[in-house]
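J.: no sequence on this one, just coordinates:
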């Protein structure tokens with residue numbers, strides 16, 4: 001088993017890192033850990049690798065003329081994405097594929113396998 005520490009500042013104390021070193025010697029992933037990995041790796045965050053980019057492309061498909069218009073577009077687009085048939089099943093499939101690529105890479109950077 002490997003424990004992936006997300007690099008959140010609240011968990012960066014020496015005590016936490018020491019406990020992780022004891023529980024998972026040489027195998028935990030996170031800021032200051034034995035396996036160098038960027039915080040909140042976009043390769044394993046559904047929000048980063050799918051939702052934000054997709055939503056942004058839909059929201060900004062045409063110019064936005066006001067803050068109110070932007071907020072309305074974001075709300076409408078979020079609802080549209082929620083209603084897309086199979087969209088979350090595809091996201092889950094993609095996440096599994098990304099995790100398998102990470103396992104294939106031995107827990108190291110896996111972008112080259114995606």
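T.: Thanks, I have it. The structure presented is a predicted model; accordingly, all values stated were derived computationally and were not measured.
J.: Number of residues surrounding residue 57?
T.: A count of nearby residues for residue 57, using other CB atoms under 10 Å, gives 10. From N, CA and C alone the C-beta is placed, and that goes for glycine too.
J.: Spell out which helix or strand contains it, please.
T.: When secondary structure is defined using DSSP states H and E, the element that contains residue 57 is helix 52-59.
J.: Name the helix or strand of the protein that has the lowest mean pLDDT.
T.: Lowest mean confidence among the helices and strands of the chain (mean pLDDT, DSSP states H and E): helix 46, at a mean of 67.
J.: about what we covered before: quick check: next helix or strand after the helix holding residue 57?
T.: Heading C-terminal from helix 52-59, the first helix or strand you meet, by DSSP H and E, is helix 67-83.
J.: Could you list the residues in contact with that following helix?
T.: Under the contact criterion CB atoms under 8 Å, 6 or more residues apart in numbering, helix 67-83 has outside partners 51, 54-55, 58-59, 64, 87.
J.: Mind listing what's buried along the helix holding residue 57?
T.: If you call a residue buried by 16 or more other CB atoms under 10 Å, then helix 52-59 has these buried ones: 55, 59.
J.: Quick check: phi and psi at the residue of the chain positioned farthest from its centre.
T.: Outermost residue of the chain with respect to the C-alpha centroid, by CA atoms, centre = their mean, is residue 65; its distance is 30.4 Å. Backbone geometry at residue 65, expressed as degrees, to the nearest 10, gives phi -100, psi -10.
J.: How about the contacts made by it?
T.: When the contact criterion is CB under 8 Å, 6+ apart, residue 65 has no partners at all.
J.: hmm, back to that, on contacts alone, who are the packing partners of the helix holding residue 57?
T.: helix 67-83 (3 or more CB pairs under 8 Å, 6 or more residues apart in numbering; DSSP states H and E).
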